[in-house]
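Q: Just a sequence and a predicted model for now, questions to come.
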Amino acid sequence: MQKQKVLVFDGTAQAAIDYLKANDLEVVSNPQQTDADFLAAADVDAVILMMHPLTENLLSQMPNLKVIARYGVGYDNVNLADATARDIVVTNTPGANATAVAETAIMHMLMAGRYFYQQRQSITDPTVPNGTGQEVSHKTVGIVGFGAIGQKIDDLLTGFDVEVLAYARHDKPVKNGRMATLDEIYTQSDYIILALPATPETQHMIDAAVFKQMKPNAVLINIARGAVVDEAALITALQTGEIAGAGLDVVAVEPVEPDNVLLTLPNVFVTPHVAAKSIEAFDAVGLAAAQDVVRVLKGESAKNQVNA
């Protein structure tokens with residue numbers, strides 16, 4: 001009997017590959033950087049997917065595909081309606097990279113709030129503005145999106161003696177504060193952290209009108225998706241002093257382009273979508289994705305299915 005096949009991307013965690021092989025699956029690996037990479041493995045039964053979009057055109061040419069397991073939390077590179085119409089299960093790995101992403105959010109608060117990157121640049125380039133920033137301690141911190149990552153950020157903020165205002169669709173315990181409305185977060189927070197998925201409902205939810213609600217010392221932290229923020233409005237708010245700064249692990253167009261205006265602003269700290277990049281998170285995410293692939297291919301329910 002022919003083994004079922006799983007397409008992974010080059011560099012997938014060895015723990016995930018070992019788990020797939022231990023469950024008698026054939027593993028096919030390629031860069032997953034172009035449509036051609038997927039079409040070269042069009043007969044696979046499952047895909048463990050990084051960032052390349054799986055379009056309807058691709059799905060239509062992969063007749064055996066039963067499950068797409070996203071190697072991470074966001075799944076905006078998969079059209080759920082298209083997948084569902086083809087009876088393809090789509091999964092993600094919530095919580096598996098929560099610590100890595102939450103640590104990145106804290107780092108961005110410090111780097112963007114205190115202008116540490118600009119301070120470092122000024123050592124070799126005296127023309128770089130290196131203003132004096134604000135501390136995180138004793139501030140009000142808004143967290144928009146309070147899933148595994150948002151809750152971990154709340155936990156890590158404990159030592160800073162902050163008040164956390166958290167927003168989610170459902171109330172949850174907040175270790176360092178309380179649940180709040182979006183308007184409360186926008187108008188009261190010194191730091192606002194975005195930790196929610198990119199969906200049609202969240203597209204550009206942080207726009208010019210929202211920036212006008214924010215305090216002039218507010219620092220926006222985005223470790224979610226670039227699509228959540230209206231980037232043109234963000235640039236204007238930063239240039240005019242409507243807000244004090246921004247720490248961004250994600251931008252509208254990725255990979256971040258060298259001529260992106262955000263990279264030139266003295267009150268912005270940018271990293272290239274690396275929040276989840278830690279040894280521990282990479283292994284945990286890979287294994288979680290592989291486990292759901294095995295469940296689906298065995299005829300069981302996925303643990304983390306995101307489409308109905």
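A: Nice, thanks for sending it over.

Q: For whichever strand or helix holds Ser122, C-alpha coordinates in PDB please.
A: Applying DSSP states H and E as the criterion places Ser122 in helix 116-124. Once non-C-alpha atoms are left out, helix 116-124 reads as follows in PDB (Å, rounded to 0.1, in the frame of the first residue of the first chain):
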ATOM      1  CA  PHE A 116      17.400  51.900  22.200                       C
ATOM      2  CA  TYR A 117      18.000  51.200  18.500                       C
ATOM      3  CA  GLN A 118      18.400  54.800  17.700                       C
ATOM      4  CA  GLN A 119      20.800  55.200  20.700                       C
ATOM      5  CA  ARG A 120      22.900  52.300  19.300                       C
ATOM      6  CA  GLN A 121      22.900  53.900  15.800                       C
ATOM      7  CA  SER A 122      24.000  57.200  17.200                       C
ATOM      8  CA  ILE A 123      27.300  55.600  18.300                       C
ATOM      9  CA  THR A 124      28.400  55.300  14.600                       C
END
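
Q: Which residues does that helix contact?
A: Applying CB atoms under 8 Å, 6 or more residues apart in numbering, the set of residues contacting helix 116-124 from outside is Leu110, Met111, Val128, Pro129, Asn130, Gly131, Pro266, Phe269. In short, each C-beta sits where N, CA and C put it, glycine included.

Q: quick one: buried residues of it?
A: Within helix 116-124, the residues that qualify as buried are Tyr117, Gln118, Gln121, counting by 16 or more other CB atoms under 10 Å.

Q: same check, this time on stretch 246-262
A: Applying 16+ other CB under 10 Å to stretch 246-262 flags Ala246, Gly247, Leu248, Asp249, Val250, Val251, Ala252, Val256, Asn260, Leu262 as buried.

Q: cool, and stretch 298-308?
A: So for stretch 298-308, counting by 16+ other CB under 10 Å, buried means Ala302, Asn304, Gln305, Val306, Asn307.

Q: Can I get the buried residues of helix 116-124 in TSV including distance to Ala85 and pLDDT?
A: Listed next are these as TSV, based on distance: CB to CB, whole Å; pLDDT from 0 to 100:
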residue	distance to Ala85	pLDDT
Tyr117	45	94
Gln118	49	94
Gln121	50	93
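
Q: I'd like these laid out as a markdown table, including distance to Ile153.
A: Converted to a markdown table, the buried residues of helix 116-124 look like this (distance: CB to CB, whole Å):
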| residue | distance to Ile153 |
| --- | --- |
| Tyr117 | 21 |
| Gln118 | 24 |
| Gln121 | 27 |
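
Q: Closest one to Val293 out of those, please.
A: If you rank the buried residues of helix 116-124 by distance to Val293 using CB to CB, Tyr117 comes first, at 39.2 Å.

Q: Could you report the pLDDT at the residue nearest the centre of the chain?
A: For the chain, the residue nearest the mean C-alpha position is Ala224 (3.9 Å; CA atoms, centre = their mean). As predicted, Ala224 sits at a pLDDT of 96.

Q: Now do the contacts for it.
A: Gly74, Gly145, Leu194, Ala195, Leu196, Pro197, Ala198, Val250.

Q: Could you give the number of residues near the second one?
A: Residue neighbour count, defined by other CB atoms under 10 Å, stands at 21 for Gly145.

Q: what do you get for the third one?
A: The criterion is other CB under 10 Å. On that basis, Leu194 has 24 neighbouring residues.

Q: what sits against it?
A: Val144, Gly145, Ile206, Leu220, Ile221, Asn222, Ile223, Ala224, Val228, Val229.
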